[in-house]
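Enquirer: sequence and predicted structure are below.
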Amino acid sequence: MDLTQHPDAQRWDKRYTEKNEAGPACAVLRENLHLLPSQGKALDLACGLGANALLLAQQGLSVEAWDISEVALQKLQATAIQKGLDINCRQCDLRSSVAETNSFDVIVVSYFLQRETLPLLAQALRPNGLLYYQTFSRLRVDDSGPNNPEFRLADNELLQLIPDLHLRVYREEGLTGEVEKGLRNELMYIGQNTRSIV
Ligand SMILES: C[S@@+](CC[C@H](N)C(=O)[O-])C[C@H]1O[C@@H](n2cnc3c(N)ncnc32)[C@H](O)[C@@H]1O
């Protein structure tokens, strides 16, 4: 199928036609830059306008940015060229394509939830590789983000979906304590591949 005709591409192309600024990278990446390797290959999966990709490339990593929206990818590629950053954009349907096993040192995914892909992302990490993940939780204090529960994670669900990685960072506060403070409506995760190649 020509991906420009794909319903997801058409929906997201429309949104990105009206949007130009990538905005800030996701908090789990911004707050944990110190865990990144000083060099290596990174993937921003379902990158949109590529805020995560731009930050990863600024940290010295060689970055791939994948998304189904050609409009978003063209904008990201232009920004990367203008800033002289090492970012290679690729249009793909993530429902049918996955990252190869043992191919990335860092993978970042923000606000894209495809449950069956998560174990494959763990396998796509090279030894010591890191998966940064941030998305919406079902426990919420306001109506931000998608309403379809399929696009939000149940309490602690992520930990069942990615069993193979060593947990480095996990923050999911649910409705505990003073709900007007802290990280609400979302959760953040960093896991590391501590397996060695056999
Ligand atoms: C909520 S946006 C998140 C974008 C970016 N990660 C961020 O945090 O700003 C979801 C992204 O998933 C992409 N997407 C949706 N369905 C897709 C699919 N089947 N294959 C690849 N990308 C897809 C959209 O184009 C969009 O950029």
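Expert: Yep, that arrived.

Enquirer: which single residue of this structure ends up nearest the ligand?
Expert: Nearest residue of the chain to the ligand (CB to the nearest ligand atom) works out as residue 48 at 2.9 Å. Quick note: C-beta positions are derived from backbone N, CA and C, even for glycine.

Enquirer: which one is that residue nearest to, not counting chain neighbours?
Expert: residue 72 (5.2 Å; CB to CB, 6 or more residues apart in numbering).

Enquirer: over to the one you found. Which of the three states is it?
Expert: State at residue 72, reduced to three classes by DSSP: H, G, I helix; E, B strand; the rest coil: helix.

Enquirer: just to revisit the earlier point, how much space between the residue of the chain closest to the ligand and residue 109?
Expert: According to CB to CB, to the nearest Å, residue 48 stands 11 Å off from residue 109.

Enquirer: what does residue 27 give?
Expert: 13 Å.

Enquirer: go on, residue 177?
Expert: Residue 177 is 27 Å from residue 109, by CB to CB.

Enquirer: residue 127 now?
Expert: Distance from residue 127 to residue 109, by CB to CB: 20 Å.

Enquirer: do residue 79 as well
Expert: Residue 79 is 20 Å from residue 109, by CB to CB.

Enquirer: okay, those two: which has more neighbours?
Expert: Neighbour count, other CB atoms under 10 Å: between residue 79 and residue 109, residue 109 has more, with 25 against 18.

Enquirer: close to the ligand: what parts of the protein are there?
Expert: By CB under 6 Å from any ligand atom, the residues of the chain that approach the ligand are 8, 12, 26, 46-48, 51, 67-69, 72, 93-95, 110-112.

Enquirer: direction included, what does the longest strand along the chain pair up with?
Expert: Selection of the longest strand in the chain by residue count, based on DSSP state E, yields strand 125-136. Strand pairing for strand 125-136, using DSSP bridges, gives strand 104-110 (parallel), strand 186-192 (antiparallel).
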